[in-house]
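Participant: sequence? don't have it. structure:
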Ligand SMILES: *Cc1c(COP(=O)(O)O)cnc(C)c1O
């Protein structure tokens, strides 16, 4: 068959191992997944109540324009309804942006390590990827700006960044946006927006009015705890949204996902509670790192990337045997580190005491 040349050698996204598979493989009755930054507290009880008594007609196609959800999100953000686009997760929006703007001969600029889907989608379209190493644990926006040339179509700023959890300061971001040519789309991927504490991270929504070439991506998959429903959204000026909407698949959110997202958005108390618990959980990991002299990235998210001073793959495997699925830094471009989703207090305690055991075994504390 006549595959695109660039498809050769590409592989499907490698997600964390499913819980059931790990249970079977290691004969465990309980396995905790701290690998994909889902919300350990699940989702709003209002969503649970709705789901147990839902009578939607799933034989019909959903509203492709997600009108009710659109009204709710636009009101929540105080933007126009025409400034929002919905995706089957923000993964879908990354693919839509890529499909609309990238092709052989143009290039796209991103940080490394960062979210792997920017590169993956760009490769499918045959565009050149320019990956700029992070500096002092953050996006090097100065070097990223230098990498932009007349053939650059899209720049990706993952803020906070996955897998490091770090943010770029608002001053740096503004300076960057002022200098990026206005025909280059800047994607601000804010999948962890709801978890940010730093006063260095201002609300980026006002940038939408100021810069016609900025799109913000947010999602219901992380803090809202609705990863399985696949709802993400983008916010930009109307002209950008209209172009991207033409590329979107006609029915890319289900009836159910649109309904639960509306309910989840309305329950901001749940989000605030989760954030508070996450802040406390983060402290457990930071204390552990300090106690054992392990470097860590200052995180503004619900995960933390920290040093293990051992082979990350070995630590990953040993923790899996003990019932915890995490991400090895080897898979994320950060060997010697692991990325762990902040769990409940109890999960974190158990995880850290088992990790202490594993690292002792590995001779890290000798
Ligand atoms: C998880 C994640 C996404 C994808 O989220 P979905 O909305 O579930 O597709 C996008 N960007 C980053 C940085 C993420 O960590």
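Facilitator: That came through fine. All figures in this text were calculated on a predicted structure; none of them were measured in a lab.
Participant: which stretches in the protein count as helices?
Facilitator: Here the chain has its helices, by DSSP state H, at 19-26, 45-51, 67-77, 90-101, 116-124, 141-147, 170-179, 206-210, 238-247, 255-266, 268-291, 312-321, 345-361.
Participant: closest one to the ligand among those helices?
Facilitator: Distance to the ligand, taken as Cβ to the nearest ligand atom, is lowest for helix 90-101 among the helices of the chain, at 3.4 Å. No exception for glycine: its C-beta is placed from N, CA and C like everyone else's.
Participant: who touches that closest one?
Facilitator: The set of residues that contact helix 90-101 without belonging to it, under Cβ atoms under 8 Å, 6 or more residues apart in numbering, is 85, 87, 108, 117-118, 121-122, 124-125, 127, 153-154, 185, 187, 189, 191, 215, 217-219, 221, 230, 232-234, 243-244, 246-249, 252.
Participant: redo the helices of the chain as TSV? Include distance to the ligand.
Facilitator: Below are the helices of the chain laid out as TSV (distance: least, Cβ to the nearest ligand atom, whole Å):
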stretch	distance to the ligand
helix 19-26	18
helix 45-51	16
helix 67-77	14
helix 90-101	3
helix 116-124	7
helix 141-147	16
helix 170-179	16
helix 206-210	18
helix 238-247	15
helix 255-266	11
helix 268-291	15
helix 312-321	19
helix 345-361	19
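Participant: now the ones you listed as TSV including mean pLDDT and mean neighbour count?
Facilitator: As requested, the helices of the chain are arranged in TSV below (pLDDT from 0 to 100; neighbours: other Cβ atoms under 10 Å):
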stretch	mean pLDDT	mean neighbour count
helix 19-26	93	13
helix 45-51	96	15
helix 67-77	98	16
helix 90-101	98	23
helix 116-124	97	20
helix 141-147	98	17
helix 170-179	97	15
helix 206-210	96	14
helix 238-247	98	16
helix 255-266	98	21
helix 268-291	98	16
helix 312-321	97	19
helix 345-361	98	16
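Participant: so is stretch 229-237 next to the ligand?
Facilitator: Yes: if you take Cβ under 6 Å from any ligand atom as the test, stretch 229-237 does meet the ligand, through residue 232.
Participant: residue 264 touches residue 222, doesn't it?
Facilitator: No: no contact is recorded between residue 264 and residue 222 when judged using Cβ atoms under 8 Å, the distance being 11.5 Å.
Participant: out of the helices of the chain, nearest to residue 9?
Facilitator: Between residue 9 and those, the shortest gap by Cβ to Cβ is with helix 116-124, which sits at 9.5 Å.
Participant: what angle separates that closest one from helix 90-101?
Facilitator: In terms of direction (axes from the mean of the first three to the mean of the last three Cα atoms, to 10 degrees), helix 116-124 departs from helix 90-101 by 30 degrees.
Participant: now do the buried residues in stretch 128-137.
Facilitator: Burial within stretch 128-137, assessed by neighbour count using 16 or more other Cβ atoms under 10 Å, is assigned to 129-132, 134.
Participant: may I ask which two of those residues are separated the most?
Facilitator: Spanning the widest gap among those are 129 and 134, at 15.4 Å by Cβ to Cβ.
Participant: ok, residue 36 - contacts?
Facilitator: When the contact criterion is Cβ under 8 Å, 6+ apart, the partners of residue 36 are 15-16, 227, 341.
Participant: with adjacent residues omitted, what lies nearest to residue 329?
Facilitator: Distances taken as Cβ to Cβ, 6 or more residues apart in numbering put residue 337 closest to residue 329, at 3.5 Å, once the chain neighbours are dropped.
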